[in-house]
Every structure is written in C-alpha cells, then in structure tokens.
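Student: only the shape, not the letters, is given here:
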C-alpha cells in the first residue's frame, strides 16, 4: 500500500471558494483506502450570475489539475452551473473532458438524474435552501430530464448562511416538503452545503441528499423519514435550537452505504490494490 488512496483516488471540482462539511461527509461515507483530491472554483453567491459564469470557464482547467494527479475519476460539483447552462450541458462537458483526459467524469447534477432514474422515480418534491430563481432552475432541469416536480420549496438562504444552518434545519425542511406532497415518490435535497443528518425511520419515500451525493462518483444516499404520526410542524431556520438530530447508524450501515454509491466509485473501490 504505497499511498492512502490505494483503493481509489477521487478527484473533485468543488464550486465554492470554501469547502468544509463536504470533506467531512466524504470520509464518513467512503471505505478505507479511498482519498479525495480537490480543486476549488470561485462561487461565493448563488445570486451572482457572473461568479457562476466565471466558474464555468474554470472547469476544464480545474479538471486538468486533477488529471495530472492521475485520479481514478473526476467529479464536478456545482449543480447551479449546469442548471444555468441547461439540460444536456452536463453530458456535453463529461464527453469533452473524458475525451481529453481519458478518465471517467461525472457531475453532481448527472448523479441526481441517474439516481432517480435507477429508482424508477418520476414524481419529485424538492426541499432546497435556495431562493426562488434557483428553485425555478432546479425545476426546469429536472423536468427537462424527464421528471415531474410536484412541489418545490426553498429557504431563501445564501451560501455562507447555508453552511451555518444546524442539521435539523435540512431535516425539518425536508419533512415539511415530504408531507406537503403526498403524490411525490421521492424528496430531493439539493446543495452540497446543505448538510443532511443520516436518520433512519419508517417513511415510505427516499430522500436524495445533496451534500452526500458528491463524494466519489457522486454518492447517493437514500433515507426514509419517520412515521408521519410522529410528525410535528417544522420550525423555520431562525427558530431552530442547537439540539442535534441523533445520528443513528446500524451495524450494517457501511454495507448499506457501499451498496448505494455511484457505479463509477464501486468499480474503483472494489478492485484489488496494485
């Protein structure tokens, strides 16, 4: 074992100027022997179109840095960039980068579409931390990818605020959306900054967690919500206490997580070390 990444070395292009919770969640999910090599773009605000456009121009250079490190896969975060460019932009960039570097490439937005498709989900409710214009872009991209967005609700928060929201903010927001859309087959929780606690329960629909989708070839975690009879009205973020949602993980948790990661990562972590 010549290096920490003897199983797989995951290259990731992180869209914002600062990353914090993403790396923490990445290493909680991946098995030993998988490492993260990461570059950053320049997004500070999702309300600044110029920052999104500047970051889009930097994607190829950032991928080149990772390719020079000989990573096993390149993952591109920053779904707002691809939603701004429109349906099909993710695949166009994937094709271009794979053709240039000869390394598997995927994006967080691609992983969302693939995850819901693999589950046979068609009707989606969205619980986002975004403002209305970002929610509209989420809706447009998902519907252009063949899904029906039956309900969407955001918290109207900026990036630096999303980072500071307590874990229960995403949990209660998602529950609120979950129960407001009985026709939805799944709940999508976008944004890597919007951390989601791993909560087991007896709900009926999966939740797609934005912050946990990125690591490796975009890790897709699906967790059910608790029984609706235990539901109480969610509070808004400003009113949340600091009490955390207990992070319950069963002894079989690792096996479950490994069974739910993106196929590209599975191909990497399951191979024998050189």
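Tutor: Noted; the coordinates are in hand. All values derive from a computational prediction rather than experimental measurement.

Student: who's in contact with the residue lying closest to residue 131 once chain neighbours are set aside?
Tutor: Of all residues not flanking residue 131 in the chain, residue 156 sits nearest, at 4.9 Å (C-beta to C-beta, 6 or more residues apart in numbering). All C-beta spots, glycine's among them, are computed from the backbone N, C-alpha and C. Contact analysis of residue 156 by C-beta atoms under 8 Å, 6 or more residues apart in numbering lists 130, 131, 132.

Student: and residue 156, helix, strand or coil?
Tutor: coil (DSSP: H, G, I helix; E, B strand; the rest coil).

Student: pLDDT weak spots in the stretch 151-274 of the chain?
Tutor: 198-274 (pLDDT under 70).

Student: in the helix or strand hosting residue 172, what counts as buried?
Tutor: Residue 172 belongs to helix 167-180 when elements are defined using DSSP states H and E. Judged by neighbour count (16 or more other C-beta atoms under 10 Å), helix 167-180 contains these buried residues: 167, 168, 169, 170, 171, 172, 173, 174, 175, 176, 177, 178.

Student: all helices for the protein, in order.
Tutor: 21-29, 49-68, 79-85, 89-101, 108-119, 132-144, 159-162, 167-180, 253-258, 263-269 (DSSP state H).

Student: looking at these, which is closest to residue 125?
Tutor: Residue 125 lies closest, by C-beta to C-beta, to one member of the helices of the chain: helix 167-180, at 5.0 Å.

Student: so what secondary structure elements neighbour that closest one?
Tutor: With contacts taken as 3 or more C-beta pairs under 8 Å, 6 or more residues apart in numbering; DSSP states H and E, helix 167-180 sits against strand 123-128, strand 148-154, strand 186-189.

Student: may I have the strands that pair with the first one, each with its orientation?
Tutor: Each strand that pairs with strand 123-128, with its direction, by DSSP bridges: strand 148-154 (parallel), strand 186-189 (parallel).

Student: any idea how many residues pack against residue 163?
Tutor: 17 (other C-beta atoms under 10 Å).

Student: and the one 3 residues further on, by the same measure?
Tutor: For residue 166, the neighbour count with other C-beta under 10 Å is 17.
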